[in-house]
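Engineer: Sequence plus predicted model, see below.
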Amino acid sequence: MFLYFSVTTVVALLFLIFGYEISEYSQTLIDTKIEENIDITANALTSDSVDLSFATKCTVNISVFNDKYHSEATGVIISNDGYIVTNDHIYQDISNPKIYVFDSNGKKYDAEFIAGDSKFDVSVIKIEAANLNFLSLENDLTINKGDELYSIGRDQSVTKGIACDFLYESNGKSKSVKMIRTDCAVNPGDSGGPVISNGKLVALNCSKTVSVEVEGMSYLLPSDTVERAVEQLIADKKITDRAQLGISYKYISPVYAAQNNSISGIRIEIINADSDLYGKNFSEGDVIVALDGEEITSESVFLDWLTNHRAGDSAELTIRKMNGTDRQVTITFSADSSYSSYFDE
């Protein structure tokens with residue numbers, strides 16, 4: 001009995017000793033892992049913070065005003081010698097404007113208007129400065145639905161959202177660019193501010209939907225479109241390569257066509273005199289049903305096709321005449337140079 005008791009006591013003590021050692025070892029592993037995770041998280045936060053912190057230093061406040069009107073906006077420095085990109089609509093209704101730029105430290109600069117384009121809603125201004133912090137426009141990074149975006153607005157405010165969709169939204173009367181729809185908060189004065197993803201400048205704030213039927217939707221200009229516009233605005237003071245078909249149209253959806261016993265596609269409303277279709281025996285009511293052999297299944301198919309061409313390119317249209325016959329015609333795109341909201345009287 002005494003022997004049994006002794007053995008049991010020794011076994012219990014061994015379990016206690018080994019259990020304590022295992023527990024200590026496990027806790028050490030846990031503590032090490034926690035410390036590693038904390039370090040990793042801290043590094044990640046530091047990395048993101050550095051990206052956004054630098055981006056805010058490249059973000060400026062813009063004031064556009066005359067004796068009667070005053071508009072506030074945001075812009076982003078894109079060169080070390082003072083070129084700044086922003087939206088074009090910030091000059092709307094302000095003739096003979098004066099432009100002030102305030103950097104992230106509050107320093108004021110007089111700014112010169114270089115050029116702008118109302119359809120892309122991009123303009124370029126310049127301040128006299130050197131060795132500035134700046135952001136390069138990113139044209140290689142693909143944005144997918146669900147990607148996180150950081151929108152920087154006036155006074156270097158930052159909001160966070162995700163890419164929700166990609167769609168054509170009207171700038172004035174024209175659908176000229178596919179925008180990124182997001183739930184980032186874009187407030188008055190934030191127009192033209194940079195949008196950052198993965199530490200890259202991927203878009204500009206452009207507009208928001210104000211409606212009781214829509215909650216918190218804003219629209220961003222993709223940086224590849226902005227870069228294309230900026231290069232031409234600085235070099236030529238206008239967009240030189242944007243293609244236009246030279247027509248006014250109405251998109252007829254398959255459902256509408258079925259309801260109204262009509263043809264789905266791009267129904268021609270007006271053919272402008274500068275269109276390559278002009279004088280080729282086409283008229284109002286004719287419907288474009290295919291583009292380079294591809295059936296038009298949505299308006300986006302047509303707009304993507306148009307966006308992917310440049311002025312001077314040629315393409316083939318299949319057009320269904322009012323009598324029901326189809327005609328193939330090869331056309332050449334003309335240039336759509338647009339204009340700016342900025343004007344001196």
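Structural biologist: Arrived safely, thanks for sending. Since we're looking at a predicted model, the values are computed, not measured. Numbering: from 1, shown residues only.

Engineer: backbone phi and psi for Leu317, please?
Structural biologist: phi -110, psi 140 (degrees, to the nearest 10).

Engineer: How is the chain divided into domains?
Structural biologist: Using automatic domain parsing, the domain parsing of the chain gives 1-48, 58-240, 243-335.

Engineer: okay, those, which one's buried deepest?
Structural biologist: Neighbour counts (mean count of other C-beta atoms under 10 Å) averaged over each of the domains of the chain peak at domain 58-240, with a mean of 19. For glycine as for every other residue, the C-beta is placed from the backbone atoms N, C-alpha and C.

Engineer: State the mean pLDDT of it.
Structural biologist: Mean pLDDT, computed over domain 58-240, is 91.

Engineer: what about that domain, how long is it end to end?
Structural biologist: By C-alpha to C-alpha, to the nearest Å, the extent of domain 58-240 from end to end equals 28 Å.

Engineer: ok, back up a step: mind putting the domains of the chain into CSV with distance to Asp344?
Structural biologist: Listed next are these as CSV, based on distance: least, C-beta to C-beta, whole Å:
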stretch, distance to Asp344
domain 1-48, 43
domain 58-240, 5
domain 243-335, 24
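
Engineer: So which of those is nearest Tyr342?
Structural biologist: Judged by C-beta to C-beta, the one of these that comes nearest to Tyr342 is domain 58-240, at 4.1 Å.

Engineer: what distance separates that closest one from the centre of its chain?
Structural biologist: From the chain centre to the centre of domain 58-240 is a distance of 9 Å (C-alpha atoms, centre = their mean, to the nearest Å).

Engineer: Tyr150 and Asp51, how far apart?
Structural biologist: Going from Tyr150 to Asp51 by C-beta to C-beta, to the nearest Å gives 8 Å.

Engineer: Now for these two: what residues contact both?
Structural biologist: Ile196 (C-beta atoms under 8 Å, 6 or more residues apart in numbering).

Engineer: Tell me where the chain has helices.
Structural biologist: Along the chain, the segments classed as helices by DSSP state H run 2-57, 223-236, 254-260, 299-307.

Engineer: Worst mean pLDDT among those helices?
Structural biologist: Of all those, mean pLDDT reaches its minimum on helix 2-57 (a mean of 49).

Engineer: Once you drop chain neighbours, what's closest to His309?
Structural biologist: Distances taken as C-beta to C-beta, 6 or more residues apart in numbering place Ala243 nearest to His309, at 4.3 Å, with adjacent residues excluded.

Engineer: beta partners for that neighbour?
Structural biologist: Beta-bridge pairing of Ala243 under DSSP bridges involves Ala335.

Engineer: Could you do Tyr168 as well?
Structural biologist: With DSSP bridges as the rule, Tyr168 is bridged to Lys178.

Engineer: residues touching it, list them.
Structural biologist: Applying C-beta under 8 Å, 6+ apart, the residues contacting Tyr168 are Lys175, Val177, Lys178, Met179, Glu299, Ser300, Leu303.

Engineer: Need these in JSON lines (columns: distance to Val158).
Structural biologist: Shown next, in JSON lines, are the contacts of Tyr168 (distance: C-beta to C-beta, whole Å):
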{"residue": "Lys175", "distance to Val158": "30"}
{"residue": "Val177", "distance to Val158": "24"}
{"residue": "Lys178", "distance to Val158": "25"}
{"residue": "Met179", "distance to Val158": "20"}
{"residue": "Glu299", "distance to Val158": "34"}
{"residue": "Ser300", "distance to Val158": "31"}
{"residue": "Leu303", "distance to Val158": "32"}
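
Engineer: Show me which of those residues is closest to Asn105.
Structural biologist: Of all these, Asn105 sits closest to Met179, with 31.7 Å by C-beta to C-beta.

Engineer: how far away is the closest one from Val202?
Structural biologist: For Met179, the distance to Val202 - C-beta to C-beta - is 12 Å.

Engineer: what does Leu317 give?
Structural biologist: Taken as C-beta to C-beta, the span from Leu317 to Val202 is 34 Å.

Engineer: Please apply the same query to Ile62.
Structural biologist: Relative to Val202, and taking C-beta to C-beta, Ile62 is found at 21 Å.

Engineer: Next: Ser104.
Structural biologist: 20 Å.

Engineer: Also Ser300?
Structural biologist: Using C-beta to C-beta, Ser300 is found at 21 Å from Val202.

Engineer: Same check on Asn80?
Structural biologist: 21 Å.

Engineer: same thing with Gln259?
Structural biologist: From Gln259 to Val202 the distance is 40 Å (C-beta to C-beta).
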